[in-house]
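> Generate coordinates for the sequence data below:
(one chain, ligands or ions: 1)
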Amino acid sequence: MSGEPSQTNRLSPIPLVYSPNYKISVFGMEKLHPFDIAKYDKIFNALKKDGLVTEESVIDPAEVSRDEMLLIHTQDYLENLKKTNHVAQYLEAPALKVIPDAMIDHRIVSRFRKAAGGTIAAARQALRAKSKMAINLGGGYHHAKPDVGEGFCIIADVPIAIRQLQKEKLIKRALIIDTDIHQGNGTILCLKDDPTTYTFSMHERGIYPLPKEVGDEDVELEARVTDEQYLKILGGRLDQLFAKSRPDMVFHVAGCDALAGDPLATGQMTHEGILKRDAMIVKACKKRGIPYVMTLSGGYSRDAWNAQYKSIRSLIQNE
Ligand SMILES: [Zn+2]
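Numbers count the residues shown, from 1 in each chain. Next comes the predicted model:
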């Protein structure tokens with residue numbers, strides 16, 4: 001379950017980072033939360049069925065380390081992550097409060113550390129891969145802040161990955177393109193006043209998080225955004241965005257909760273629209289030779305996993 005992906009024609013030329021340990025399972029209590037925590041597994045299994053990945057071809061990442069987390073999070077916050085009460089609050093899942101403190105790390109927090117490590121691993125892969133792309137089938141926890149978690153996010157994986165790669169002098173500048181329908185408020189706070197990073201978020205007006213933070217570039221979408229409206233706005237922004245931010249790497253927080261039917265937003269996008277959105281961002285990176293890292297982030301409707309699966313499959317098949 002580790003090492004470089006196989007290079008046969010049948011398997012994905014884009015490195016995929018994934019572990020079955022991304023999945024949170026707490027005696028079925030996870031079903032009480034609107035987040036479809038099985039989406040990582042569903043996407044992996046569907047790609048496997050297509051013959052595009054195997055257990056051996058995916059990269060099983062190391063958990064993000066304490067030192068890596070301290071690049072963004074405070075020591076006090078890491079202490080809070082040992083306490084069930086805090087974690088249940090950050091994850092907005094009061095039912096989790098029955099888990100004893102002694103089990104919260106194994107049952108919950110370590111799963112997030114694994115997926116956050118996946119974002120770092122994907123960033124390294126994107127630098128190495130011929131495709132200049134990598135996909136973490138998890139991560140994108142864009143509501144996690146330096147000293148508090150919220151909105152089902154407890155580890156700021158993308159900011160941590162950027163800091164770690166900068167520390168190793170692998171990149172200087174990074175652009176975050178956040179297409180989850182909720183503003184990446186945590187990412188913005190984690191990278192506040194940092195001239196080496198540029199946060200771009202397209203999100204729905206009037207829904208969580210409120211009030212919004214002020215990022216480097218924010219686009220507020222009206223309710224019930226359609227594919228056509230979304231793609232027109234995004235397409236009209238990308239050239240300027242790359243020119244202003246001059247990134248060495250792009251992190252795409254590719255939440256798909258702009259899909260019609262999402263319980264936490266009003267977007268009206270289709271699977272095809274999500275696929276075109278992702279392809280548009282990948283194309284903009286490829287045109288400029290800039291490494292691209294996808295993280296999955298939000299998406300809560302019953303078929304959110306399916307939209308992301310189809311988009312990833314299309315990226316693989318077109319590579
Ligand atoms: Zn979201």
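
> Report how many residues lie close to the closest residue to the ion within the chain.
In the chain, the residue that lies nearest the ion is G298 (2.9 Å; Cβ to the ion). Using the backbone N, CA and C atoms, a C-beta is placed for each residue, glycine as well. Residues lying near G298 (other Cβ atoms under 10 Å) number 27.

> Now it: phi and psi?
Dihedral angles of G298 (phi, psi; degrees, to the nearest 10) stand at phi -80, psi -180.

> ok now do it, which residues does it touch?
Applying Cβ atoms under 8 Å, 6 or more residues apart in numbering to G298 gives the contacts 35, 140, 152, 180-182, 255-257, 264.

> With R124 instead?
R124 neighbours (Cβ under 8 Å, 6+ apart): 134, 165, 170.

> 10 Å - rerun?
Contact partners of R124, counting by Cβ atoms under 10 Å, 6 or more residues apart in numbering, are 15, 17, 59, 61, 134, 161, 164-165, 168, 170, 291, 293.

> Which residue, other than its chain neighbours, is closest to the residue of the chain closest to the ion?
G255 (3.8 Å; Cβ to Cβ, 6 or more residues apart in numbering).

> give me phi/psi at N136?
Dihedral pair for N136: phi -100, psi 120, per degrees, to the nearest 10.

> The ion contacts on the stretch 201-319 of the chain?
255, 257, 298 (Cβ under 5 Å from the ion).

> contacts for stretch 65-79?
Stretch 65-79 has contacts (Cβ under 10 Å, 6+ apart) with 62-64, 80-81, 86, 90, 109, 113, 116-117, 120, 144-149, 154-164, 166-167, 186-187, 189-191.

> so how far is it from its chain's centroid?
Its chain's average C-alpha position is 19 Å from that of stretch 65-79, according to Cα atoms, centre = their mean, to the nearest Å.

> Stretch 12-27 too?
13 Å.

> Check which residues of it are buried.
12, 14-19, 21-24, 26 (16 or more other Cβ atoms under 10 Å).

> now stretch 231-245
Going by neighbour count (16+ other Cβ under 10 Å), the buried part of stretch 231-245 is 234, 237-238, 241-242, 245.

> Inside helices: which ones of these?
Among the buried residues of stretch 231-245, the residues falling in helices (DSSP state H) are 234, 237-238, 241-242, 245.

> would you list those in a markdown table and tack on pLDDT?
Putting these into a markdown table (pLDDT from 0 to 100) gives the following:
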| residue | pLDDT |
| --- | --- |
| L234 | 98 |
| R237 | 98 |
| L238 | 98 |
| L241 | 98 |
| F242 | 98 |
| S245 | 98 |
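
> before we move on, the earlier item: lowest-confidence entry in the residues of the stretch 201-319 of the chain next to the ion?
Least confident by pLDDT among these: that is G298, with 91.

> ok so, going back, roughly how far apart are the residue of the chain closest to the ion and M103?
Between G298 and M103 the computed distance is 26 Å (Cβ to Cβ, to the nearest Å).

> Could you do W305 as well?
In terms of Cβ to Cβ, W305 sits 27 Å off from M103.

> Please say which of the two ends up with more neighbours.
Comparing W305 with M103 by other Cβ under 10 Å, the one with more neighbours is W305, at 22 against 11.

> contacting residues around the more buried one?
Counting by Cβ under 10 Å, 6+ apart, the residues that W305 touches are 36, 38-46, 256, 296, 299.

> how close does the nearest residue to it once chain neighbours are set aside get to K310?
Excluding the flanking residues, the one nearest W305 by Cβ to Cβ, 6+ apart is K39, at 3.8 Å. Counting by Cβ to Cβ, the gap from K39 to K310 is 13 Å.

> hey, what's in contact with both of the two?
With contacts taken as Cβ under 10 Å, 6+ apart, the residues that reach both K39 and K310 are D303.
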